[in-house]
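In: just coords:
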């Protein structure tokens, strides 16, 4: 999955680099920041119709990414810019509630999200010869890898506790909305910060009972988050 994302990104990056001209700037960047995932709601039922209503709370996670893009010429109203971005984030499970009851989460349970996005921006003209603000949006693919393990407590008379797993990897379309600021540190280097809303849309995950090795249910879910990043951009 990740190989496919990176291969797609490389082809777009090559096309972006080919757009370079005297009135355009090609740039590369790297960034890190905070990925604050919203509560993930999973809803479904087993073959017998028993509901599986799961709410997962995640710890905030680090976000890492790189990008390559092309900025158009400056005009009085600003400029347009396009880029390809690859990023990764991994959130540990903090709490899991099944059908209204908190369950014991196994250490190491997490969900990771790897993305390949194409972003388009409007940037303001330079302010005070150093600073720009901008707004943009991106669209692309997200690879979502669930490695969630938890326990459902039962009395010994009922067969004891059940070990449950949600071990899925899903690929879905994703989009993001971005507000960004850029501070030019020199002729070729800038400090960049942004705030984003990220949405990987609706998809499905599967639940298994590890104790018996049985498939249990298909769960409808989604993935949304708020992100804040800071990074450096180098212009050629």
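Out: Received it, and whenever you're ready, just let me know what you need. Keep in mind that what you see is a predicted model, and the values were worked out from it rather than measured. Numbers count the residues shown, from 1 in each chain.
In: List the backbone torsions phi and psi for the residue of the chain most remote from its centre.
Out: Within the chain, residue 157 marks the point farthest from the mean C-alpha position, 43.3 Å out by Cα atoms, centre = their mean. Listed backbone geometry of residue 157 is phi -70, psi -20, with angles given as degrees, to the nearest 10.
In: pLDDT value on it, please?
Out: On the pLDDT scale, residue 157 is placed at 82.
In: Please name the nearest non-neighbouring residue to residue 104.
Out: Nearest residue to residue 104 in three dimensions, chain neighbours excluded: residue 151, at 4.3 Å (Cβ to Cβ, 6 or more residues apart in numbering). Yep, even glycine has a C-beta here, placed from its N, CA and C like the rest.
In: what's the burial count for that neighbour?
Out: Residue 151 has 16 neighbouring residues, counting by other Cβ atoms under 10 Å.
In: hang on, it in a strand?
Out: Yes: assigned with DSSP: H, G, I helix; E, B strand; the rest coil, residue 151 falls within a strand.
In: re earlier: mind checking how far the residue farthest from the centre of the chain is from residue 98?
Out: Separation of residue 157 from residue 98 (Cβ to Cβ, to the nearest Å): 21 Å.
In: now residue 74
Out: 55 Å.
In: Specify the beta-bridge partners of residue 224.
Out: residue 199 (DSSP bridges).
In: Contacts only, for it.
Out: Contacts for residue 224 (Cβ atoms under 8 Å, 6 or more residues apart in numbering) come out as 37, 38, 197, 198, 199, 200.
In: export these to CSV and tack on neighbour count?
Out: Formatted as CSV, the contacts of residue 224 follow (neighbours: other Cβ atoms under 10 Å):
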residue, neighbour count
37, 22
38, 14
197, 14
198, 26
199, 17
200, 23
